[in-house]
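Trainee: here's my sequence, what's the structure:
(chains A and B)
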Amino acid sequence: MFEFASLEYMKEVQRRSNADQKYRDLSKEETASYLFILEPEPEKGVTKRFIIGYIVVRGEIVDVWVDEPRKTDFVISGKYGVWVDILLGKLGVTRAFLMRKLKVRGNFLKLMKYQKSTERWLEILRTIPTRFHGEYEKFNIEGKEYESGSL
Amino acid sequence: MKAAVFKGTREITIEDRPIPEIGENDVLVRVAYCGICGSDVQAYKMGNYPEDIVIGHEIVGYIEKVGRNVDNLEEGACVVVNALIPCGECFYCRQGRSNLCNSLDQVGITRDGGLAEYISVPSRAIHELADDKDLYKYTLVDPLSNVLHAIYLSSFKPLNITLVQGAGPIGLLTINVLKNFGARKILVSEISPMRLELAKRIGASHLINPLEENIFEVIDSETDGEGVDIIFDCTGAPEAIQANATLVRKGGEIIVIGICEVPVNFDFFTLVYHEITIKGSYAQRIIEYDDAIKMIQKHNIRYRDVITKIVSLDSVIDAFKILASKKPIEGKIVVNIF
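Mentor: Got it, this is the predicted structure:
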């Protein structure tokens, strides 16, 4: 099981995303860099501000990192629990933007062009065995071994 | 007399010109100092001034001669020249918005300016000063009044969190005034390390080099994820202007002072969705000009951190080259004429 927002987790995200042909096809026009900020929720046992980042070049994730606010095209921030809800499929990512549960810094309209590839990407993430922090541990994702096209 | 003459894109020459004649309502000023403005640098890069005009509009000097009808000024008086000469009669002038005058004459832009030994201007453009050993500091009256105009035009209130995009002379003066006016935080974004250092000295609370740092993340962490209350954009850079849409908080304000050379692709979705206001700010009104003089007289402006170089008229062309570079290594350059 991978600790959510850890480097190992991000490397697994990279591995599974790059192995998924559908994601690659949907994101073949996408070249952008992202920084996700998971705001702490001390009342729920999440005391750390997590930072994760990655770069996509024409649909391939070429770099991932954690804990570093590197220069990126987009910064998307929200409470830790919002990210958990999105990963569990309880909250759609577009709805999260429109409800202002996620804050976007960067060109919002450009980001919206990648809506379909983002949805596919989230499906892939849901296959990763994931251990959350604090009280969110009860929502850990069991995940499954993943092969391209097996979703 | 010697004068710096605008000839077109990236072309300025030092020429010998006749000393200007004065009309009965004019004065002849012997120029002591003239600052090089960002608009002059812009024109140097873009060619958008009339050809053969003597440039320079941030002028201080001494009255050499007064016209027959001028009875409130005397020869030898130390003066600063307001570069804006509005008609005083049009709709905008009557509304007190003389910077939007329908027939605005502008020293060094539409009529001969102050990068010359002498200049002739209507007496109503003259503001008398007490002589000062650091007279060059009054070349900042014009840019400082531009800054005051932008701040008065904004909804700025003490304790606001502000972002100043660009730390050229206008950005530096904006930082200075925001600090005086009680801003809670003054975040400054600038690509020149030298100018960032000046910004720090003047009172910036947080420095950002957007080429090296993630400005979105910095703003996020400095504002608890909300964005800043007001952005003063002094860059004219498309990237900075585009980024502003998501750096300002919901309901916030973007004041654009810097002139952008190209059309900008702006995120109007976020503008509508977050009820953001954008305002352009041009030049100044008389009230801001008077306030700028007072602020300099009362030692509220750190002019030594804004004006970083004083050169002779013969070195003007080199000065323009320095200021037109991508990462200028100077703040304001002032030309000492006599």
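Trainee: go ahead and confirm B:Leu211 touches B:Ser192.
Mentor: No: applying C-beta atoms under 8 Å as the test, B:Leu211 and B:Ser192 come out as separate, 9.8 Å apart. Every residue, glycine included, has its C-beta placed from N, CA and C.
Trainee: number of nearby residues for residue 10?
Mentor: Let's take chain A. Counted with other C-beta atoms under 10 Å in any protein chain shown, residues neighbouring A:Met10 total 21.
Trainee: wait, chain B was what I had in mind.
Mentor: 13.
Trainee: show me the contacts for it.
Mentor: Residues near B:Arg10 by C-beta atoms under 8 Å, 6 or more residues apart in numbering or on different chains: B:Tyr44, B:Lys45, B:Ala324.
Trainee: doesn't B:Val41 make contact with the last one?
Mentor: If I follow you right, that is B:Ala324. Yes: applying C-beta under 8 Å as the test, B:Ala324 and B:Val41 come out as touching, 5.4 Å apart.
Trainee: more crowded one of those two?
Mentor: Comparing B:Ala324 with B:Val41 by other C-beta under 10 Å, the one with more neighbours is B:Val41, at 20 against 14.
Trainee: that one and B:Glu253: what is the separation?
Mentor: Here B:Val41 is placed at a distance of 27 Å from B:Glu253 (C-beta to C-beta, to the nearest Å).
Trainee: what of B:Phe338?
Mentor: In this view, B:Phe338 and B:Glu253 are 43 Å apart by C-beta to C-beta.
Trainee: between these two, which one's more packed in?
Mentor: Set B:Phe338 next to B:Glu253 and count neighbours by other C-beta under 10 Å: B:Glu253 wins out with 21 against 12.
Trainee: hang on, that one packs against B:Val228?
Mentor: No: taking C-beta under 8 Å as the definition, B:Glu253 is not a contact partner of B:Val228, at 9.5 Å.
Trainee: what residues of the helix ranked longest in chain A count as buried?
Mentor: In chain A, with assignment by DSSP state H, the single longest helix is helix A:7-19. By neighbour count on 16 or more other C-beta atoms under 10 Å in any protein chain shown, the buried set for helix A:7-19 is A:Tyr9, A:Met10, A:Glu12, A:Val13, A:Gln14, A:Arg16, A:Ser17, A:Asn18.
Trainee: helix/strand/coil for B:His127?
Mentor: B:His127 falls in the strand class when you classify it by DSSP: H, G, I helix; E, B strand; the rest coil.
Trainee: can you count the residues close to it?
Mentor: 17.
Trainee: sec struct for the residue lying closest to it once chain neighbours are set aside, please.
Mentor: Computed as C-beta to C-beta, 6 or more residues apart in numbering or on different chains, the closest residue to B:His127 that is not its neighbour in sequence is B:Val80, at 5.0 Å. Secondary structure, three-state DSSP: B:Val80 is strand.
Trainee: three-state assignment of B:Lys327?
Mentor: Each residue gets one of three states, and B:Lys327 gets coil by three-state DSSP.
Trainee: which ones are touching the residue nearest to it when sequence neighbours are not counted?
Mentor: Closest residue to B:Lys327 apart from its sequence neighbours, by C-beta to C-beta, 6+ apart: B:Ser192 at 4.5 Å. B:Ser192 is in contact with B:Ala167, B:Lys327, B:Pro328, B:Ile329, counting by C-beta under 8 Å, 6+ apart.
Trainee: ok, the third one touching B:Gly168?
Mentor: I take that to be B:Pro328. Yes: at 7.1 Å, B:Pro328 and B:Gly168 qualify as touching, with contact defined as C-beta under 8 Å.
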